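>>> Give me coordinates for this.
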Amino acid sequence: MTATPRSAAPRDPRSDQLPRQQHGGAPQHLLMTLYADYWLSTGGWASSAALVRLLAEFGITETSGRAALSRLSRRGMITVHRNGRRTFYGVDGAAAVTLGDSVRRVLSFGVTSEPWDRTWTTVAFSIPEEQREVRHQLRTRLRWLGFAPIFDGFWISPTASGDDTVRELDALGVTSAVVLRTGGPVGGRPLTEAWNLDEVRDLYEEFTDTVSPLAEQVRAGRVTAAEALVRRTQVMDEWRTFRWKDPNLPHELLPADWPRDTARALFAEVYDGLGPLAEHRVRQIVFELDPDDVGLVRHHTTHQAP
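The predicted structure is shown next:
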């Protein structure tokens, strides 16, 4: 058993940029997804007019779109650049690093991993009642790393990195915590009491049922560029939720018929297959407003993340 040393650190002002579990057409969330999908790999800037026009493809009004850009800027998640009367937005510095890491985690989620080394990462923490918001944020981030609670202040994961766990604790200023890497079984409670595998199975099967018809359309070439943009973003949003629901447990801990591999293959096929058409639609929109910036638009795939 080994303990990972901890040291107190000031709270990272960029740490709130971890992805949050959001659904539907929330404009701020949608803007970050679109920037990550079509500009992050080039580090390009997009005009406010192009971004607002792009949001309209998803039914977001101009007023809501511009309000979302303003809020993201105030939160420090995007950077503003002005050229005369025109305004451009981008993601750079620490924000770009955080966003890129988040995208890579989502795109690589579910990829068959190496055999499990049977080592567990555990974290025990104590946070005072007056710091309830910090406790909530820590629980959210632990789930993002693949942890589940055995008890309120004792969480466990077979795959999470001890260093990543310490970084999250330090970013929130949590000093009353211990992170351990240990071999062998931990505790005597059944696995399903920590991770609700029946619920996760249902989610995977629902995802497969929903996305399979779209995959058939992609194979048959029956998707337009405008449809590709919207459907690709929707599929990404749905797949992202599994990073919260499924801790990506090793195959050694899962039933033989676990549906994650099937769902992962389907996600990759649709997301990658719609990429060129979706990029074409974004370029069309950018060309109408900023013809010189079309070259900054570039999609990525599950195999070539930004």
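>>> Poorly predicted segments of the stretch 1-150 of the chain, please.
1-25, 113 (pLDDT under 70).
>>> can you give me the helices for it?
27-38, 48-56, 62-74, 93-108, 132-145 (DSSP state H, counting those that start in this stretch).
>>> and what of the stretch 151-300 of the chain?
So, for the stretch 151-300 of the chain - with DSSP H, counting those that start in this stretch - the helices run 162-171, 197-220, 225-240, 242-245, 260-289.
>>> which one of those has the lowest average pLDDT?
If you rank those by mean pLDDT, helix 242-245 sits at the bottom with a mean of 84.
>>> Export that one to CSV, keeping only CA atoms.
Presented in CSV, the C-alpha positions along helix 242-245 are these (Å, rounded to 0.1, in the frame of the first residue of the first chain):
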residue,chain,number,x,y,z
PHE,A,242,-21.2,8.2,-19.7
ARG,A,243,-18.0,9.8,-18.3
TRP,A,244,-20.3,10.6,-15.3
LYS,A,245,-22.4,7.5,-15.2
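>>> For it, name the packing helices and strands.
Here helix 242-245 touches helix 132-145, helix 197-220, going by 3 or more Cβ pairs under 8 Å, 6 or more residues apart in numbering; DSSP states H and E. (Each C-beta comes from the backbone N, C-alpha and C, glycine too.)
>>> Now do the buried residues in it.
242-243 (16 or more other Cβ atoms under 10 Å).
>>> List of residues touching stretch 135-152?
The contact list for stretch 135-152 (Cβ atoms under 8 Å, 6 or more residues apart in numbering) reads 18-20, 105, 121, 123, 125, 127, 155-161, 164-165, 168-169, 172, 174, 186-187, 189, 194-195, 243-244, 247-249.
>>> For that stretch, buried residues please.
135, 137-139, 141-148, 150.
>>> Quick check, Arg82 in contact with Phe88.
Yes. Applying Cβ atoms under 8 Å as the test, Arg82 and Phe88 come out as touching, 7.4 Å apart.
>>> More neighbours: which of those two?
Phe88 (19 against 9; other Cβ atoms under 10 Å).
>>> Nearest spatial neighbour of the more buried one, chain-adjacent residues omitted?
Trp45 (4.1 Å; Cβ to Cβ, 6 or more residues apart in numbering).
>>> how far away is that neighbour from Ala177?
40 Å (Cβ to Cβ, to the nearest Å).
>>> Could you check which of these two is surrounded by more residues?
Using other Cβ under 10 Å as the criterion, Trp45 and Ala177 rank with Trp45 on top: 22 against 19.
>>> In this structure that one contacts Gly295, no?
No. Using Cβ under 8 Å as the test, Trp45 is too far from Gly295 to be in contact (12.0 Å).
>>> Pull up the gap between Trp195 and Pro158, please.
10 Å.
>>> Same check on Val178?
As for Val178, its distance to Pro158 is 18 Å (criterion: Cβ to Cβ).
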